[in-house]
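Asker: coords please:
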Amino acid sequence: MINHAELTMLTDFYEFTMAGGFWNSSVKNTVGYYDMYFRTVPDNGGFVIACGLESMIEYLTNLKFDDEDIKYLGSKKMFSEDFLEYLRNFHFECNVWAVPEGTPMFPNEPFVTVHGPVIQAQLLETMVLICMNHQSLIATKASRVVRAAQGRPVMEFGARRAQGYSAAILGARATYIAGCDSTSCTISDREYHIPVSGTMAHSWVQLFPTEYDAFVAYAQSYPDKCVLLIDTYNTLKSGLPNAIKCFNEILLPMGHRPIGIRIDSGDITYLSKKIRKILNEAGFPDCKIVASNSLDEYIIADMLSQGAQIDSFGVGERLITSKSEPVLGGVYKLTAIEDEKGNIIPKIKLSENVTKITTPCFKQIYRLYSKETGEALADVVTVHDETIDDTGDITIFDPEFTWKRKVISNFSARPLMQQIFKNGTLVYDVPNIESVREYCKNQLDTIWDEVKRFENPHKYYVDLSQKLWDIKQKMLSEYSM
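Answerer: Next up, the predicted model:
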């Protein structure tokens with residue numbers, strides 16, 4: 001399993017050059033606030049599922065510098081001895097807030113906020129982004145695939161195509177949180193208790209004298225979990241007849257019924273219709289049809305719209321790598337500092353590219369839910385100490401097109417950001433994976449179907465509070481003069 005105690009040095013080198021420079025400068029003792037968020041949704045989708053918090057917690061809990069780390073940094077001849085000594089005695093003391101894993105999130109909303117000495121908070125950037133970007137990306141893709149399957153089980157089959165072993169392990173975790181039913185990645189079952197599934201490869205069939213011999217051997221080995229891969233030679237002329245023969249001559253006399261057959265090539269929609277009819281006529285209407293072979297949400301949706309008789313899907317490379325758009329461009333930006341008296345001073349980054357202009361301040365996110373339907377109506381990003389009164393109406397407005405206003409009534413307002421670390425100590429009760437999975441499902445149920453469309457999803461309202469908008473506009477005016 002991943003040893004988080006050995007990941008301290010998994011960071012961009014400029015984090016160390018900045019931290020070392022802070023140590024030597026007037027900002028050495030400055031306390032800052034940093035937000036991690038994303039700007040655009042992969043695949044032009046409606047939302048991203050936040051995932052990776054548990055990995056980030058494990059990293060921060062084990063964050064320390066050992067003698068080899070200090071020796072390596074010293075060899076660069078760039079850092080002062082007292083800075084290296086600070087790292088040698090490093091003690092994590094930041095405050096961290098985050099949204100729970102499984103929360104649907106929208107552009108420019110903070111997933112994570114880190115508050116603490118800038119020397120420490122800056123050093124966290126790379127790993128915070130690694131943890132949150134990757135697993136959120138894969139969870140989001142998995143959610144799309146699961147929704148395309150329309151209630152049919154989806155098995156994650158991508159370990160061999162994942163971009164590294166940690167991507168296979170943690171990717172499987174993310175897919176399960178987002179709704180996949182099982183994984184082929186055995187270590188993910190051992191470490192995270194994700195149901196593991198798998199039967200045979202084509203090589204199993206090829207190794208035996210005949211296809212029928214291969215099926216018999218498998219059925220005798222696993223009579224209560226018999227799923228046969230039938231497309232090694234000829235799906236309809238060889239594979240399916242031999243599977244039915246094996247069911248009748250081996251499984252039934254043993255007192256077992258087949259679980260299913262799997263097809264991994266050819267026109268799966270066409271084949272599944274033929275297979276279903278033949279299986280039913282042979283007395284096996286309960287035998288499931290499993291489909292695999294470079295599937296994604298679009299292919300699955302097309303297959304089902306064309307009447308494919310598929311009971312479950314094995315989805316590999318296009319899921320575990322999010323092949324259609326393999327990057328979630330999360331960023332980690334300074335949004336405020338504290339003065340000597342502890343007053344919060346907002347900070348902003350400007351750009352000619354307006355999408356890169358940051359939103360200043362230490363913030364909270366409120367999600368507004370309809371009291372009648374439970375649906376999420378809008379999010380309001382506020383200054384951290386604001387509260388939203390949900391006993392009456394609220395008027396929200398688009399932060400870019402301010403004339404677009406909406407009055408929301410009969411709603412409840414719930415803060416999304418929760419404190420994870422307080423002065424470096426974990427204060428969050430980390431939920432088990434089944435609880436996260438259930439939370440994710442429940443939260444997705446609150447999102448409008450129109451927002452969950454694959455093509456041209458409805459834009460969900462994410463607005464700034466009047467107070468936060470005023471602060472941002474004032475800073476924009478000051479810095480543009």
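
Asker: for the helix ranked longest in the chain, what is the average pLDDT?
Answerer: If you go by DSSP state H, the chain has its longest helix at helix 125-148. Average pLDDT, helix 125-148: 98.

Asker: hey, C-alpha coordinates of that helix in CSV?
Answerer: Included here for helix 125-148 are C-alpha records, laid out as CSV according to Å, rounded to 0.1, in the frame of the first residue of the first chain:
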residue,chain,number,x,y,z
GLU,A,125,0.2,22.7,-2.7
THR,A,126,1.4,19.8,-4.8
MET,A,127,0.1,17.0,-2.7
VAL,A,128,-3.3,18.7,-2.1
LEU,A,129,-3.6,19.0,-5.9
ILE,A,130,-2.5,15.4,-6.5
CYS,A,131,-4.9,14.0,-4.0
MET,A,132,-7.9,16.0,-5.0
ASN,A,133,-7.4,16.4,-8.8
HIS,A,134,-6.9,12.8,-9.6
GLN,A,135,-9.5,11.1,-7.5
SER,A,136,-12.1,13.8,-8.2
LEU,A,137,-11.5,13.4,-11.9
ILE,A,138,-12.0,9.6,-11.8
ALA,A,139,-15.0,9.8,-9.5
THR,A,140,-16.6,12.3,-11.9
LYS,A,141,-16.0,10.0,-14.9
ALA,A,142,-17.3,7.0,-12.9
SER,A,143,-20.5,8.9,-12.1
ARG,A,144,-21.1,9.6,-15.7
VAL,A,145,-20.6,5.9,-16.6
VAL,A,146,-22.8,4.7,-13.8
ARG,A,147,-25.6,7.1,-14.8
ALA,A,148,-25.3,5.9,-18.4
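
Asker: poorly predicted segments of the chain, please.
Answerer: In the predicted model, the chain carries pLDDT under 70 at residues 1-5, 481.

Asker: OK, contacts around the most centrally placed residue in it?
Answerer: The centroid of the chain falls nearest to Ser136 when counting by Cα atoms, centre = their mean (2.3 Å). For Ser136, the contacting residues are 38, 48-52, 105, 111, 174, 328, 330, by Cβ atoms under 8 Å, 6 or more residues apart in numbering. Every residue, glycine included, has its C-beta placed from N, CA and C.

Asker: just among these, which is most surrounded?
Answerer: Ranked by the number of neighbours (other Cβ atoms under 10 Å), the contacts of Ser136 place Cys51 first, at 33 neighbours.

Asker: surely it and Thr175 touch.
Answerer: No - contact between Cys51 and Thr175 fails when scored by Cβ atoms under 8 Å: they sit 9.5 Å apart.

Asker: would you map the helices across the stretch 251-400 of the chain?
Answerer: 268-281, 297-305, 317-320 (DSSP state H, counting those that start in this stretch).

Asker: can you put those helices in TSV and add mean neighbour count and distance to Arg152?
Answerer: Formatted as TSV, these follow (neighbours: other Cβ atoms under 10 Å; distance: least, Cβ to Cβ, whole Å):
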stretch	mean neighbour count	distance to Arg152
helix 268-281	18	12
helix 297-305	18	8
helix 317-320	24	15
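
Asker: re earlier: and the next helix or strand after the longest helix of the chain, what other elements does it pack with?
Answerer: Stepping forward along the backbone from helix 125-148, the first helix or strand reached (DSSP states H and E) is strand 154-156. When contacts are defined as 3 or more Cβ pairs under 8 Å, 6 or more residues apart in numbering; DSSP states H and E, strand 154-156 packs onto helix 125-148, helix 165-177, strand 182-183, strand 312-315.

Asker: and of these, who's closest to Lys273?
Answerer: strand 312-315 (16.1 Å; Cβ to Cβ).

Asker: for the closest one, packing partners?
Answerer: strand 154-156, strand 288-291.

Asker: mind redoing it with 6 Å?
Answerer: Using 3 or more Cβ pairs under 6 Å, 6 or more residues apart in numbering; DSSP states H and E as the contact criterion, the elements in contact with strand 312-315 are strand 154-156.

Asker: residues contacting the strand it packs on, please?
Answerer: Contacts made with strand 154-156 from outside it, assessed by Cβ atoms under 6 Å, 6 or more residues apart in numbering, are listed as 145-146, 172, 175, 180, 182-183, 197, 313-315.

Asker: run the chain-centre distance for it.
Answerer: The chain centre lies 15 Å from the centre of strand 154-156; the measure is Cα atoms, centre = their mean, to the nearest Å.

Asker: that strand: partners in the sheet, and parallel or antiparallel?
Answerer: Strand 154-156 has these partner strands in its sheet, going by DSSP bridges: strand 182-183 (parallel), strand 312-315 (parallel).

Asker: can I get those strands in a markdown table with distance to Val227 and mean neighbour count?
Answerer: Compiled in a markdown table, the strands paired with strand 154-156 are given as follows (distance: least, Cβ to Cβ, whole Å; neighbours: other Cβ atoms under 10 Å):
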| stretch | distance to Val227 | mean neighbour count |
| --- | --- | --- |
| strand 182-183 | 12 | 25 |
| strand 312-315 | 10 | 25 |
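
Asker: now render these as JSON lines, adding distance to Thr210.
Answerer: Compiled in JSON lines, the strands paired with strand 154-156 are given as follows (distance: least, Cβ to Cβ, whole Å):
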{"stretch": "strand 182-183", "distance to Thr210": "30"}
{"stretch": "strand 312-315", "distance to Thr210": "25"}
